[in-house]
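Asker: Provided below for reference: sequence and predicted model.
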Amino acid sequence: MSEKEKGINEQKESLEEKVESKFCSECGEEIVSGHKFCHKCGKAIDEKLQKAKKPLINKKQFYIIGGIVLCIIIGIFTNSYIKEQKQKEARYNYLANVKEFYKEIIIAGANVEDIADTIQNYWNEYIFEKKHGSSIDSAVFSAMSDKSEEIEQAEKDSEQILELYRKIKVVPEGSEDLNEYINLIDNVYNSYTDFYSIATEPTGNFTQYANSNNEKTDKFLSDYRALTNLIESNKELQEVETESESMMEKINSVMKEYNSLSESMSISSAIDTPKEKIYEELKKIIPDISNKKEKDVSEIEKEKEKFKDDEKISNAIEIVISATESYNDMVKYGKLYNKNKSEKDLDEFKSAVIDFRGEVATYIMQVDSLDGDGESLKDKLN
């Protein structure tokens, strides 16, 4: 080998030594020439360690980068899960509002039908029987006066239905399959508002009004029937519980227990019942009552304002609250009587029992009787 070639090789080896170095197999730190131990981690240097290029990433950097990547992946999955849950909740709430709209609009429609039919009847009776005043205007005014409460309720119903309609006008993200409801909901809402208008703002002559009343009734029922068919075919919607259904479930649960207790009380409320006989009857019940705890219906009471425009639920809540107060009085005076045998406490207990039984009976009569709302229109649907 010539001197020139030898010089070239030496330069090449020198250059490679500058590019390549030994690195610690434990921490990746560059090894100082001549050292037998890594100056960073203290690991003994393997003399047989091959020359290698310095790694681009050491272990510490690898763990840091891996952790960042893992956090990004977790973040993506977390955001995806949160989004999915929000979409599920939005879908459930949307379906609950559709169901509430469907339930409320038939009740409102039945009330509107009653108003319109009354106006039509008064109008007819004025023409053919000369009833209800000296003119058609007076007959119509008389009909609307007699139906003033129903008209006031129709105004409240319309506001509630409009609020629900606004909520279900736009399908939430991720539930685009429910868009098929929109046109049917639009049709039912529009036919209801047309029906409401002729009932509360009668115009034209008698024949025109009678024809319009029949047409609006038929149109409303036709559109409602189409929505019914779609709703009844949706199993998912059948499982959705509206706020009003949930509240009535809570109320009925309380009243079912109250009714069972009321039926077990064979106490006469007659004024002329001999005092001794009443005492004997009361004494049979007091031991059981005195061991019971007071009822807490605060969850029902605190939602009272939410359902102030729903006649059935608001009446039910009032009765439940009143019955609960009487129930708690029975517990209170039952315990006092057991303790001190005071006739005054016994009289208070008797009064609470009578009030309690009366409120349970009122619930059955008043609330159950409201189940017939919308009956005439529902009959026409069948």
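Answerer: Right, received. Where do you want to start?

Asker: contacts, neighbours, all on C-alpha from now
Answerer: Will do.

Asker: Look at Glu10 and report its pLDDT.
Answerer: For Glu10, the model assigns a pLDDT of 58.

Asker: for Glu276, same thing?
Answerer: Per-residue confidence (pLDDT) for Glu276: 70.

Asker: Show me where the stretch 1-150 of the chain dips below the pLDDT cut-off.
Answerer: 1-23, 25, 28, 31-36, 39, 45-60, 62 (pLDDT under 70).

Asker: Could you pull out the helices in it for me?
Answerer: 3-19, 59-129, 136-146, 148-168 (DSSP state H, counting those that start in this stretch).

Asker: by how many degrees do the third one and helix 148-168 diverge?
Answerer: An angle of 70 degrees separates the directions of helix 136-146 and helix 148-168 when computed by axes from the mean of the first three to the mean of the last three C-alpha atoms, to 10 degrees.

Asker: what does helix 136-146 contact?
Answerer: Under the contact criterion C-alpha atoms under 8 Å, 6 or more residues apart in numbering, helix 136-146 has outside partners 115, 118-119, 122-123, 126-127, 131-133, 151.

Asker: List buried residues within those residues.
Answerer: 115, 118-119, 122-123, 126, 131-132, 151 (16 or more other C-alpha atoms under 10 Å).

Asker: okay, these in TSV with distance to Ser246 next?
Answerer: Shown next, in TSV, are the buried ones among the contacts of helix 136-146 (distance: C-alpha to C-alpha, whole Å):
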residue	distance to Ser246
Ile115	30
Thr118	35
Ile119	37
Tyr122	41
Trp123	43
Tyr126	47
Lys131	47
His132	45
Ile151	28
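
Asker: of all those, which comes closest to Gly42?
Answerer: Closest approach to Gly42 among the buried ones among the contacts of helix 136-146 (C-alpha to C-alpha): Ile151, at 92.4 Å.

Asker: coming back round to it: can you tell me which of the helices of the stretch 1-150 of the chain comes nearest to Val240?
Answerer: Among the helices of the stretch 1-150 of the chain, helix 59-129 sits nearest to Val240 (C-alpha to C-alpha), with 5.9 Å.

Asker: the inter-axis angle of that closest one versus helix 148-168?
Answerer: 150 degrees.

Asker: wait, Phe101 sits on Glu163?
Answerer: No. Between Phe101 and Glu163 no contact is recorded; they are 9.3 Å apart, counting by C-alpha atoms under 8 Å.

Asker: Please identify which pair of the contacts of helix 136-146 lies farthest apart.
Answerer: Ile127 and Ile151 (23.7 Å).

Asker: got a list of what the most centrally placed residue in the chain touches?
Answerer: Nearest residue to the geometric centre of the chain (C-alpha atoms, centre = their mean): Glu243, 4.1 Å. Applying C-alpha under 8 Å, 6+ apart to Glu243 gives the contacts Ala96.

Asker: quick one: pLDDT of Ser314?
Answerer: For Ser314, pLDDT reads 89.

Asker: That one is in what secondary structure piece?
Answerer: helix 311-340 (DSSP states H and E).

Asker: who does that helix touch, helix- and strand-wise?
Answerer: helix 243-263, helix 275-290, helix 298-301, helix 343-369 (3 or more C-alpha pairs under 8 Å, 6 or more residues apart in numbering; DSSP states H and E).

Asker: I'd like those helices laid out as a markdown table, including distance to Ala108.
Answerer: Compiled in a markdown table, the helices and strands packed on helix 311-340 are given as follows (distance: least, C-alpha to C-alpha, whole Å):
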| stretch | distance to Ala108 |
| --- | --- |
| helix 243-263 | 15 |
| helix 275-290 | 43 |
| helix 298-301 | 25 |
| helix 343-369 | 17 |
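
Asker: Can you check which of those gets nearest to Glu173?
Answerer: Taking C-alpha to C-alpha as the criterion, helix 243-263 is the member of those that comes nearest to Glu173, at 22.3 Å.

Asker: got the angle for that closest one vs helix 59-129?
Answerer: 70 degrees.

Asker: Could you pull out the buried residues of helix 243-263?
Answerer: Quick answer for helix 243-263 (16+ other C-alpha under 10 Å): 247-248, 251-252, 254-255, 258-259, 262.

Asker: What average pLDDT does it get?
Answerer: 88.

Asker: Tell me how far that helix lies from the chain's centre.
Answerer: 18 Å (C-alpha atoms, centre = their mean, to the nearest Å).

Asker: and that helix, C-alpha only, in PDB?
Answerer: This file holds the C-alpha atoms of helix 243-263, laid out as PDB (Å, rounded to 0.1, in the frame of the first residue of the first chain):
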ATOM      1  CA  GLU A 243     -91.600  14.100  32.500                       C
ATOM      2  CA  SER A 244     -95.300  14.000  33.100                       C
ATOM      3  CA  GLU A 245     -95.400  10.100  33.000                       C
ATOM      4  CA  SER A 246     -92.500  10.000  35.400                       C
ATOM      5  CA  MET A 247     -94.200  12.400  37.800                       C
ATOM      6  CA  MET A 248     -97.500  10.500  37.700                       C
ATOM      7  CA  GLU A 249     -95.600   7.300  38.400                       C
ATOM      8  CA  LYS A 250     -94.200   8.800  41.500                       C
ATOM      9  CA  ILE A 251     -97.600  10.200  42.600                       C
ATOM     10  CA  ASN A 252     -99.400   6.900  41.900                       C
ATOM     11  CA  SER A 253     -96.800   5.000  43.900                       C
ATOM     12  CA  VAL A 254     -97.500   7.100  47.000                       C
ATOM     13  CA  MET A 255    -101.300   7.100  46.500                       C
ATOM     14  CA  LYS A 256    -101.300   3.300  46.000                       C
ATOM     15  CA  GLU A 257     -99.800   2.900  49.400                       C
ATOM     16  CA  TYR A 258    -102.200   5.500  50.900                       C
ATOM     17  CA  ASN A 259    -105.200   3.900  49.300                       C
ATOM     18  CA  SER A 260    -104.200   0.500  50.700                       C
ATOM     19  CA  LEU A 261    -103.900   2.000  54.200                       C
ATOM     20  CA  SER A 262    -107.200   3.900  53.800                       C
ATOM     21  CA  GLU A 263    -109.100   0.700  52.900                       C
END
